[in-house]
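> coords please:
(one chain, ligands or ions: 2)
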Amino acid sequence: MGIESSCDETGVALVDASGSATPRLLGHALHSQIEMHQAYGGVVPELASRDHIRRVLPLTDTVLAQAGLPLSAVDAIAYTRGPGLAGALLVGSGVACALGFALGKPVIGVHHLEGHLLSPFLSADPPEFPFVALLVSGGHSQLMRVDGVGRYELLGETIDDAAGEAFDKSAKLLGLPYPGGPALSRLALQGDPQAYKFPRPLLHSGDLDFSFAGLKTAVLTQVKRLAHASPEGPATLHLADPLNAQQKADVAASVQAAIVDVLVRKSMAAIRQTGLMRLVVAGGVGANVLLREQLGTACAKAGVRVHYPELHLCTDNGAMIALAGGMRVQAGLADDGPVGYPFDVKP
Ligand code: KG4
Ligand code: ZN
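Ligands and ions are numbered 1, 2, ... in the order given. Below is the predicted model of the structure:
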């Protein structure tokens, strides 16, 4: 069983990772808090923790009913130990430890990013080790070399904002609702990606690091410029209000193009550097259609196989945590969790 509660999704799932066959999803339930946080323009940690408490046990019941299994059939319980919001993480860890203690079953604390990283193993086209992984979520942007379960080498990462953060902050500047990534990419469909030239930071830095903080400033400058030039002027409720629909769509398309361009080029540089011919893309930004298209083209040209999680498992969920826990047990690495069931989180 896996429990995810690091941020604004409560996820519970059951995965069969026993034996040598491909791991199988037996049950999977998710409650998204997005609507609740939308009014505040971002996640309110205290509200998140309280909602996780409300949802986690009913979701556990749902998942057991889906799988047609009693609680006693669960062999081990994995939970997201971190990174994430401390109070939110404590809910998952508390429930996992209580269940583990009651059932006499092992409890495994899983790193949230390991969950994302391994999530493509639940897809119809699972990868084989070794591979390069592009991990792009709301909090992280990393390139890793992955040689097996627990064998991860960091090749490069963001020195400031994450890719998802760049999507979210740009979306906010355009007056789009939280979470900004999906909203911005929908708006971008109507825009011209070449309308505005946004920076591609660290593209020629020679390493595999990212930087996205400057992009937000560039978008802010562009939106302000357009707002001042508009007949309505800048003095409206939201900075982007004076922009017409086409201008907003053009900014969205141009910023998306800049983020995707950097992610694709750095991923291909990581492929060249490692000599590996397999790429795994995971994390919420991995759901981005333009990123998938452009990586698809670049990888096909280079003869590289690219693997994604199922679309519904790109963003946070319990299945990836159950899977990572199960794969750790299989690899003999399950001793990562708390000993004697203390509440153990690493925000
Ligand atoms: O992995 P995730 O669900 O949560 C974290 O661990 O952070 O990723 C959430 C991030 C958010 O920044 C969200 O805007 C972004 O993923 N995201 C997208 C898309 N779907 C989610 N960004 C761009 N395009 C999308 N389609
Ligand atoms: Zn995540």
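> helix, strand, or coil at L263?
helix (DSSP: H, G, I helix; E, B strand; the rest coil).
> in the stretch 101-250 of the chain, what residue is nearest ligand 2?
Of all residues in the stretch 101-250 of the chain, S137 sits closest to ligand 2, at 4.3 Å by CB to the ion. No exception for glycine: its C-beta is placed from N, CA and C like everyone else's.
> tally of neighbours for that residue?
24 (other CB atoms under 10 Å).
> got the contact list for the residue nearest to it when sequence neighbours are not counted?
In this structure, S137 finds its nearest non-sequential neighbour in G283, 3.5 Å apart by CB to CB, 6 or more residues apart in numbering. By CB atoms under 8 Å, 6 or more residues apart in numbering, G283 lies in contact with 113, 116, 135-137, 140, 164, 314.
> what are the boundaries of the strands in the protein?
Here the chain has its strands, by DSSP state E, at 2-4, 9-16, 24-32, 77-82, 107-111, 131-136, 141-148, 151-157, 278-282, 305-307.
> any idea how far the one residue sitting closest to the centre of the chain is from R265?
With distances taken as CA atoms, centre = their mean, G283 lies nearest the centre of the chain, 2.7 Å away. Noted for G283: a distance of 18 Å to R265, by CB to CB, to the nearest Å.
> ok, which residues in the stretch 101-250 of the chain are in contact with ligand 1?
116, 137-139, 164, 167-168, 179-182, 185 (CB under 6 Å from any ligand atom).
> try it again with 5 Å
137-139, 164, 167-168, 179, 181-182, 185 (CB under 5 Å from any ligand atom).
> pick out the lowest-pLDDT one from these.
Scanning those for pLDDT, the low point is P179. It has 85.
> what sits against that one?
For P179, the contact set (CB under 8 Å, 6+ apart) comprises 34, 138, 168, 171, 284.
> please check those and keep the buried ones.
Among the contacts of P179, the ones that count as buried by 16 or more other CB atoms under 10 Å are 138, 168, 171, 284.
> stretch 83-100 and ligand 2, any residue contact?
No - Stretch 83-100 lies out of reach of ligand 2 by CB under 5 Å from the ion, never closer than 8.3 Å.
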